[in-house]
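> sequence? don't have it. structure:
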């Protein structure tokens, strides 16, 4: 990726991208919302769908071909994520396993690390969770206290993480810890792959009011011993590597949210076309049509920004992608929340029944406004970075 | 063995489909795709190729408007090797006889050992093109196969009828048609989608095939669609409400009136 790479962003997607969307949508529709909700409510996972996606190469689209991937970009992976969500099957671990972990390992891992982890991340037989958030640091990644200290050839990791998705399904967790700079004594971030069966690693589920097969966990890292090759990439370039993984995360989160928004809007549109009161479908009334039309516009705008962020990232422009990815994530979260809210409203009382299954979308959409980075932190970023305003923190 | 798979580009059956003023299918107002029934033909060809020695080549052939290249692309994404698209304004409105003429002339120009088709198209649903092709090519027809086995040049298919199940054999060359029971069609993998971009697709006109324009198209068709009407919307079913214990009688009366009991 050189500075001369063409970062011109086209306004329409290539035929191959559109084919990919169509095939993923078709495959996902065979599972459908009912499957997803049934699995979630019964405490089951959506492993069948996950492996089916992996088998067709859809999970690994953005990973290098020599390690079992498809050789495509984050734009392709985001398309897969969005189409799944648009069919009512948002797969949260797509944001984490192939997007964050897969990207970090394929960009900064050693040959051995790539050969060990990437093929199984690509075909879905291994899921890798990602652990950055800590109880006392929240959105402030500079306050991360999980530390890694040298122990002979290897490392000993100690700390605590919170809101870590899908640890129970994962074979390993990519943990963000800090190492002590030998020269200055300051702590700097570094990334470690920790197998979920490592001695000293424990995790406890956090009860959440969200209908999702993926659960959230608190992670206790209690003097977990790791071999030297658990460290991914350069001990001295941790920050850059971390951000390399966070741009794809934001792009994927945006795609995840616009997919949920599309699903809510599709349901709402279908309902208001068929529901007749006062002798006409309720969708004929502007009071019903306009909010849905507004959602259509908001979702399309968020999708466009997501595609722009992905195109910039795939062209190698990490800085340009950073701003666009933040904006896309913000817009997508807002659009998804509005779409879910309006979709529930046009359903009237049916909007909060279990049968119509709309109310659960409110929480799912709401989560996209908070995670993986809150709308407030994005506004802070745009305020200080894009507008040059002074920082309060 | 080289295989030709004939595929058709049809309007998406899940969308609202309409007819034009001349009673031909409206192909502009609705998204088109590879006929789902032809996906089974592509799948069987791919399975036969996979069991072969790796030298087999699958050519996807379609006759249709510009957009019909989408059907070829889908088959290439699934794994076929190359495509031939016969496109010519004079072909528009052709019935199955005219279509089979164009297909047959194209097949003759493609190096092949046998031909695979779907059991019917999802729009016209005539089911006759494979038989017509066999006649025009002067080869056996083994049609409506629900199970396909091949050894060397010998093929055996199972054909499930209403009263009996037949096992039919033939030796290549032949025209095979397969049903939707022959095996789920695969989804293109991401690699398949990307690889399809580089696979060759040739475009042929009627002149390339030596077929005179007068022999095809709406005016040359032997059959004519005189009228079309949309199926009336389904009426709501009758609901029997049991308030005074008469529900069972009303239900039995309804079933009797429909001759169910």
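Yes, it's here. If you're wondering where the values come from, they're calculated on a predicted model, not measured in any experiment.

> now what about stretch A:377-385, what contacts it?
A:139, A:323, A:326-327, A:329-330, A:389-391, A:393 (C-beta atoms under 8 Å, 6 or more residues apart in numbering or on different chains). C-beta coordinates here come from the backbone N, C-alpha and C atoms, glycine included.

> does the residue of chain B positioned farthest from its centre belong to a helix or a strand, and which?
The centre of chain B is farthest from one residue, residue B:244, which by C-alpha atoms, centre = their mean lies 54.1 Å away. Taking DSSP states H and E as the definition, residue B:244 sits outside all helices and strands.

> contacting residues around it?
So residue B:244 contacts nothing (C-beta under 8 Å, 6+ apart).

> ok, back up a step: reformat the contacts of stretch A:377-385 as a markdown table; add distance to chain B and neighbour count.
Shown next, in a markdown table, are the contacts of stretch A:377-385 (distance: C-beta to the nearest C-beta, whole Å; neighbours: other C-beta atoms under 10 Å in any protein chain shown):
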| residue | distance to chain B | neighbour count |
| --- | --- | --- |
| A:139 | 34 | 13 |
| A:323 | 29 | 16 |
| A:326 | 28 | 27 |
| A:327 | 28 | 21 |
| A:329 | 24 | 31 |
| A:330 | 29 | 25 |
| A:389 | 42 | 11 |
| A:390 | 46 | 6 |
| A:391 | 42 | 9 |
| A:393 | 42 | 7 |
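
> Mind picking the two most distant members of those?
Greatest spacing in the contacts of stretch A:377-385, by C-beta to C-beta: A:329 and A:390 (23.5 Å).

> Check the burial of residue A:370 by counting its neighbours.
Using other C-beta atoms under 10 Å in any protein chain shown, residue A:370 has 13 other residues around it.

> Could you tell me the model confidence score at it?
Here the pLDDT value assigned to residue A:370 is 95.

> likewise residue A:182?
Looking at residue A:182, the pLDDT reads 64.

> And the one 5 residues further on, by the same measure?
Reading off the per-residue confidence, residue A:187 sits at a pLDDT of 74.

> any idea which helix or strand comes after the helix or strand where residue A:84 lies?
For residue A:84, the host element (DSSP H and E) is helix A:74-86. On the C-terminal side of helix A:74-86, the nearest following helix or strand under DSSP H and E is helix A:93-94.

> Look through the stretch 1-150 of chain B and state the residue closest to chain A.
residue B:77 (6.2 Å; C-beta to the nearest C-beta).

> pretty sure that residue contacts residue B:191?
No - counting by C-beta atoms under 8 Å, residue B:77 stays clear of residue B:191, with 9.5 Å between them.

> The helix or strand that contains the residue of the stretch 1-150 of chain B closest to chain A packs against which elements?
Element membership for residue B:77 (DSSP H and E) is helix B:69-78. Where contact means 3 or more C-beta pairs under 8 Å, 6 or more residues apart in numbering or on different chains; DSSP states H and E, helix B:69-78 is packed against helix A:15-41, strand B:2-7, strand B:32-34, helix B:36-51, strand B:57-63, strand B:82-86, helix B:190-196, strand B:201-204.

> if you set the cut-off to 7 Å instead, what comes out?
strand B:2-7, strand B:32-34, helix B:36-51, strand B:57-63, strand B:82-86, helix B:190-196 (3 or more C-beta pairs under 7 Å, 6 or more residues apart in numbering or on different chains; DSSP states H and E).

> Now the last one: buried residues?
Applying a neighbour-count criterion of 16 or more other C-beta atoms under 10 Å in any protein chain shown, one finds B:190-194, B:196 buried in helix B:190-196.

> ok, now the second one?
By neighbour count with 16+ other C-beta under 10 Å, strand B:32-34 contains the buried residues B:32-34.

> Does at least one residue of that strand sit close to chain A?
No - Strand B:32-34 stays clear of chain A (C-beta under 7 Å from any C-beta of the partner chain), getting no nearer than 8.3 Å.

> swap in the last one?
Yes - for helix B:190-196, a contact with chain A is found by C-beta under 7 Å from any C-beta, at B:190-191, B:193-194.

> Stretch B:177-191 - what's its average pLDDT?
Stretch B:177-191 shows a mean pLDDT of 96.

> Check which residues of the longest helix belonging to chain A are buried.
The longest helix of chain A (DSSP state H) is helix A:238-274. Applying a neighbour-count criterion of 16+ other C-beta under 10 Å, the buried positions in helix A:238-274 are A:238, A:241-242, A:244-265, A:267-269, A:271-272.

> What of stretch A:153-160?
Under the neighbour-count criterion of 16+ other C-beta under 10 Å, stretch A:153-160 has A:155-160 buried.

> Report the distance from it to the chain centre.
With C-alpha atoms, centre = their mean, to the nearest Å as the basis, stretch A:153-160 stands 26 Å off its chain's centre.

> And stretch A:248-261, by the same measure?
With C-alpha atoms, centre = their mean, you get 6 Å for stretch A:248-261.

> before we move on, back to that, now the weakest link among the helices and strands packed on helix B:69-78, please, by mean pLDDT.
Set side by side, the helices and strands packed on helix B:69-78 differ in mean pLDDT, and strand B:32-34 is lowest with a mean of 92.

> So which elements touch that strand?
Using 3+ C-beta pairs under 7 Å, 6+ apart, strand B:32-34 sits against strand B:9-11, helix B:69-78.

> rank the ones you listed by pLDDT, which is bottom?
strand B:9-11 (a mean of 93).

> for it, packing partners?
Short answer (3+ C-beta pairs under 7 Å, 6+ apart): strand B:9-11 packs on strand B:32-34.

> remind me which residues of the stretch 101-250 of chain A are low pLDDT?
By pLDDT under 70, the weakly predicted segments of the stretch 101-250 of chain A are A:181-183, A:185.

> For chain B, give me its nearest residue in it.
For the stretch 101-250 of chain A, C-beta to the nearest C-beta, closest residue to chain B: residue A:122, 9.9 Å.

> ok, that residue - how many residues close by?
If you count neighbours by other C-beta under 10 Å, residue A:122 ends up with 28.

> what do you get for residue A:201?
Quick note: residue A:201 (other C-beta under 10 Å) scores 19 neighbours.

> hang on, it packs against residue A:223?
No - applying C-beta atoms under 7 Å, one finds residue A:201 not in contact with residue A:223, separated by 10.0 Å.

> could you measure residue B:181 against chain A, distance?
Distance from residue B:181 to chain A, counting by C-beta to the nearest C-beta, to the nearest Å: 18 Å.

> Return the residues of chain A in contact with chain B.
With the criterion set to C-beta under 7 Å from any C-beta, chain A comes near chain B through A:16, A:19-20, A:23, A:27, A:56-58, A:61, A:70, A:72.

> residues from the stretch 1-150 of chain B in reach of chain A?
residue B:77.

> go with 8 Å
B:73-74, B:77 (C-beta under 8 Å from any C-beta of the partner chain).
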